[in-house]
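In: Got a predicted structure here, sequence first:
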Amino acid sequence: MDLIEQITTVATSLGWQVTSDTSVPNVVEFEFSQYTPAGQDFDFCAEMKDNDPDTLLKEIEQYYEGYDPTGEAYLWIGSTATARTVPVSYQRHCADMEAAEAMIKHSLRNLENCATMKIFEGTHTGMRM
């Protein structure tokens, strides 16, 4: 099993649907998709460069660190909200986007653990925990 398949297997076991694109030399773009607890379609992309899982983990970590659940919730409220429904809708969406943030963190930690335990072929030794 190659490195892309190993990463895909781990992410799939955590509930993600994973696609990968290898059209750019020395770069694999992964797209991770999953439904949130409230049923929102949630996805994000991260790249792995030079077959180095550290680069993928760093990108996922940067996405996680920059993720803003309240900002994302605001985007989901959209034009259907009214003055009466906004507070309840916003709270519900915030909770759901916080769950999405937790999904990212859980996946990142599991992928880091796999790399640290050298489950991924060719894993570099510079992994951080």
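Out: Good, I have the coordinates.
In: Helix, strand, or coil at the residue positioned nearest the centre of the chain?
Out: Closest to where the C-alpha atoms of the chain average out (Cα atoms, centre = their mean) is Ile104, at 4.4 Å. For Ile104, the assignment made with DSSP: H, G, I helix; E, B strand; the rest coil gives helix.
In: so the residue lying closest to it once chain neighbours are set aside is in which element?
Out: Among residues not flanking Ile104 along the chain, Tyr64 sits closest, at 4.7 Å (Cβ to Cβ, 6 or more residues apart in numbering). (Each C-beta comes from the backbone N, C-alpha and C, glycine too.) According to DSSP states H and E, Tyr64 maps onto helix 53-66.
In: Output the helix or strand of the chain with the lowest mean pLDDT in PDB, but only the C-alpha positions, please.
Out: Taking mean pLDDT, DSSP states H and E as the measure, the chain has helix 69-77 as its least confident helix or strand, at a mean of 82. Extracted as PDB, the C-alpha positions of helix 69-77 are listed here (Å, rounded to 0.1, in the frame of the first residue of the first chain):
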ATOM      1  CA  PRO A  69     -16.400  28.200  13.800                       C
ATOM      2  CA  THR A  70     -18.300  31.400  14.500                       C
ATOM      3  CA  GLY A  71     -17.400  32.900  11.200                       C
ATOM      4  CA  GLU A  72     -18.400  29.700   9.400                       C
ATOM      5  CA  ALA A  73     -21.700  29.600  11.300                       C
ATOM      6  CA  TYR A  74     -22.400  33.100  10.100                       C
ATOM      7  CA  LEU A  75     -21.900  32.000   6.500                       C
ATOM      8  CA  TRP A  76     -24.400  29.200   6.900                       C
ATOM      9  CA  ILE A  77     -27.200  31.400   8.300                       C
END
